[in-house]
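Asks: Let me see the structure of the following:
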Amino acid sequence: MPSILQFRFEAECAGLAAEARINDIPVDRDPTGVPRISQNALNHWLIEGENRLSVSLGRLDPASALERYECEVLARDSAIGSASEERVVGYRWPGGASLPTWPGREVACLTFHAYLGAGRWRWLDAGSGPIAESDRLRLLARVAELHRATSARQLEVVLQQLTTQHQEMARAHGADPDAYRDRQSRTLEAYMSHDRFRLEPLELSRLKLEPRADGRLVFVTDQDGRAPVRGSAGAVAFQLPSVFSRLEEGWTLVR
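Replies: From the prediction side, this is the model:
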């Protein structure tokens, strides 16, 4: 595969609740204020051309004596590796400013350009707007189908539901789509064939639907922000994607 720029987001935070978004999509979120350093791949959330990084911060209650937040977007050429990594854009909270408690307020909104050569994501052309009750029911039905197929160890059914997600994730990170699907298939098969394969129960009534990007993306999580279809295979925990878009064929897993 040809080389591709690999973008990642890195944040260092302590004593503040924080959320960072790329194009209104959460890429890092932690309301606890526990000191941490986080890193997340970005390519699959970026669009060709101008992108937007926004940061929201909030004080803890009671306020922490140690308050720090700094983040940046970094990029490297996949053919060269980490030696080519460069800072694209970043933000550092200066401290001292007034902040409300969580969910806080937006403290920065920065733009940067990215050119991946990966084509246009299908979710960019997805239906937008608020989530109607009929949409909510259809989304929950899709989640239930994925959970049922995974629980029954129906590998091909699960892979079929993940087709768009696999194709676009491969393109985003410069991988061969067929090789990417094969790798994911082998991983899922290993989970499902494990003698201690276990899936967490699904509580549809407790799932949250969080529209982002003007409703073109909908994140489906449980009350704790976890993917609804998750489980374990022995000591290894796993979860399946849970970001949907309203495409021509209906609600589809895209991330």
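
Asks: Could I get the contacting residues of the residue nearest to the spatial centre of the chain?
Replies: The C-alpha lying nearest the average C-alpha coordinate of the chain belongs to Val27 (Cα atoms, centre = their mean; 5.9 Å). Residues in contact with Val27 (Cβ atoms under 8 Å, 6 or more residues apart in numbering) are 9, 20-21, 40, 42, 45. Where you see a C-beta, it was placed from the backbone N, CA and C, and this is true even at glycine.

Asks: can you check Leu110 too?
Replies: 52-54, 89-91.

Asks: any chance of the residues you listed in TSV, with distance to Thr163 and neighbour count too?
Replies: Shown next, in TSV, are the contacts of Leu110 (distance: Cβ to Cβ, whole Å; neighbours: other Cβ atoms under 10 Å):
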residue	distance to Thr163	neighbour count
Arg52	29	15
Leu53	30	23
Ser54	31	17
Val89	33	17
Gly90	36	18
Tyr91	37	20
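
Asks: and those residues, which of them are in strands?
Replies: Mapping the contacts of Leu110 onto strands (DSSP state E) picks out 52-54, 89-91.

Asks: Tell me which two of the residues you listed sit farthest apart.
Replies: Arg52 and Gly90 (13.9 Å; Cβ to Cβ).

Asks: can you list contacts of stretch 207-215?
Replies: For stretch 207-215, using Cβ under 8 Å, 6+ apart, the contacting residues are 23-26, 123, 127-131, 136, 139-140, 143, 217-223, 228, 246.

Asks: Can you get me the start-to-end distance on that stretch?
Replies: Its first and final residues considered, stretch 207-215 spans 17 Å by Cα to Cα, to the nearest Å.

Asks: Could you provide the contacts of Val27 in JSON lines, with additional columns for distance to Ala170?
Replies: Compiled in JSON lines, these are given as follows (distance: Cβ to Cβ, whole Å):
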{"residue": "Phe9", "distance to Ala170": "20"}
{"residue": "Ala20", "distance to Ala170": "25"}
{"residue": "Arg21", "distance to Ala170": "24"}
{"residue": "Asn40", "distance to Ala170": "18"}
{"residue": "Leu42", "distance to Ala170": "16"}
{"residue": "Trp45", "distance to Ala170": "15"}
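
Asks: ok, and what's touching stretch 129-138?
Replies: 139, 209, 211, 214-215, 218, 246, 250-251.

Asks: What segments of the chain are helices?
Replies: In the chain, the segments counted as helices under DSSP state H are 133-151, 155-161, 163-172, 177-193.

Asks: Not counting the third one itself, show me its contacts.
Replies: What that stands for is helix 163-172. 43-44, 46, 116, 118-119, 121-122, 159, 175-177, 179-181, 184, 241, 247, 252-255.

Asks: shaky segments in the stretch 51-200 of the chain?
Replies: For the stretch 51-200 of the chain, applying pLDDT under 70 flags the ranges 81-82.

Asks: how about stretch 154-165: buried residues?
Replies: Within stretch 154-165, the residues scored as buried using 16 or more other Cβ atoms under 10 Å are 155, 158-159, 161-162, 164-165.

Asks: about what we covered before: dump the contacts of stretch 129-138 to a markdown table, plus distance to Gly95 and neighbour count.
Replies: Below are the contacts of stretch 129-138 laid out as a markdown table (distance: Cβ to Cβ, whole Å; neighbours: other Cβ under 10 Å):
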| residue | distance to Gly95 | neighbour count |
| --- | --- | --- |
| Leu139 | 41 | 21 |
| Leu209 | 36 | 15 |
| Pro211 | 33 | 16 |
| Asp214 | 33 | 12 |
| Gly215 | 35 | 16 |
| Val218 | 36 | 23 |
| Arg246 | 42 | 21 |
| Gly250 | 48 | 12 |
| Trp251 | 43 | 20 |
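
Asks: if I look at Arg92, how far off is Ser185?
Replies: 43 Å (Cβ to Cβ, to the nearest Å).

Asks: Between those two, tell me which one has more neighbours.
Replies: Comparing Arg92 with Ser185 by other Cβ atoms under 10 Å, the one with more neighbours is Ser185, at 16 against 13.
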